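1. please work out how this folds:
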Amino acid sequence: MPLDKLRHIAVGLLAALFAAIVWLGLALSGWAPLDGLPAAMGLAATVAGLSKEGADYLDNLLQPGMHSVDPFDALATAAPGWLLGLAAPWVLAFIGPPILLGILLLGAAALVLAGVHWRRRRQAAVLAAKAKSNGGPGEE
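-> Numbers count the residues shown, from 1 in each chain. I've put the predicted structure just below:
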């Protein structure tokens, strides 16, 4: 699977995760019905996918050929949200909304920490490569 599609899937997962956290918080405080969670997850991922491809289309109007506009990218972004939304009622029935919200918050925190860690490792690798190519430490 191309890296571009994997990135779209990851963004769809993040959009659905964020929607689930917000919706569960609203549902637990009495501001939203719990039954709306699956649709919120699917809608969030769909909006993310359509927004990205819409932005690519608008970029191409200003600078032709800047991005490819692919409807399958929008689908790759939306699909995880709808799949997670379909699974949400069964997960809620099994563990309950408060526990699911806790799991989602921990998952979101873990994703943020993993992203920070990955970015730092990548920056360190880039700096090491620059130092090596400039005759820095480690070269003889």
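
2. now for A19, how many residues are close by?
-> By the criterion of other C-beta atoms under 10 Å, A19 has 23 neighbours. For the C-beta atoms, the positions are set from N, CA and C on the backbone; glycine is no exception.

3. might one say that it is in contact with V47?
-> No: counting by C-beta atoms under 8 Å, A19 stays clear of V47, with 9.3 Å between them.

4. longest helix anywhere in the chain?
-> If you go by DSSP state H, the chain has its longest helix at helix 97-133.

5. that helix packs against which elements?
-> Applying 3 or more C-beta pairs under 8 Å, 6 or more residues apart in numbering; DSSP states H and E, one finds that helix 97-133 contacts helix 3-28, helix 71-95.

6. what residues sit buried inside the first one?
-> Neighbour-count burial for helix 3-28 flags 8-9, 11-21, 23-24, 26-27 (criterion: 16 or more other C-beta atoms under 10 Å).
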